[in-house]
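Trainee: predicted model, plus sequence, below.
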Amino acid sequence: QVQLVESGGGLMQAGGSLTLSCVISGSIWRINHLGWYRQAPGKQRELVGTINIANIATYADSVKGRFTVSGDNAKQVVSLQMNSLKPEDTAVYYCYTNAKRLPWGQDSDYWGQGTQVTVSS
């Protein structure tokens, strides 16, 4: 079974920095994407940033230049460095991976339980 466990959330003042980390446990044959999504109260879950198997990153426009996703497929870990935080970054942040558990298996999405990030003005 694949499990994703996030850490590092908390309360931060606007303009500050915070780093989220995620450890993926379980047997995985290939990771296709690693990254982070977030969900603010009353809103749908949205992409923050992901990196693909070629280590090419994709970011939401709202976080470009402020957030950085870093991952290590072999170690099955991913982090999110968040700088210049804004109150609108307040959300539950979810670790995400799309991976294949077996060579002949299907690609599947896996999610962490989420960690709260609150940015005060």
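Mentor: It's in.

Trainee: kindly provide the distance from the residue nearest the centre of the chain to Leu102.
Mentor: Nearest to the geometric centre of the chain sits Trp36, at 2.1 Å (CA atoms, centre = their mean). Distance from Trp36 to Leu102, counting by CB to CB, to the nearest Å: 26 Å. The way it works is simple: take the backbone N, C-alpha and C, and place the C-beta from them, glycine included.

Trainee: for the closest residue in space to Phe67 that isn't next to it in sequence, give me the pLDDT.
Mentor: Of all residues beyond its chain neighbours, the one nearest Phe67 is Met82 (5.1 Å), with distances taken as CB to CB, 6 or more residues apart in numbering. pLDDT for Met82: 98.

Trainee: Met82 touches Gly65, doesn't it?
Mentor: No. Contact status for Met82 versus Gly65: not in contact, 11.6 Å apart, counting by CB atoms under 8 Å.

Trainee: could you give the bridge partners of Gly49?
Mentor: Trp36, Tyr59 (DSSP bridges).

Trainee: mind listing what's buried along stretch 9-21?
Mentor: Gly9, Met12, Leu18, Leu20, Ser21 (16 or more other CB atoms under 10 Å).

Trainee: so Val63 touches Leu47, yeah?
Mentor: No. Counting by CB under 8 Å, Val63 stays clear of Leu47, with 9.3 Å between them.

Trainee: which one of these two has more residues nearby?
Mentor: Val63 (22 against 15; other CB atoms under 10 Å).

Trainee: residues contacting the closest residue to that one other than its chain neighbours?
Mentor: In space, and not counting its chain neighbours, Val63 is closest to Val48: 5.8 Å by CB to CB, 6+ apart. Residues near Val48 by CB atoms under 8 Å, 6 or more residues apart in numbering: Gly35, Trp36, Tyr37, Arg38, Tyr59, Ala60, Val63, Phe67, Val69, Leu80, Tyr93.
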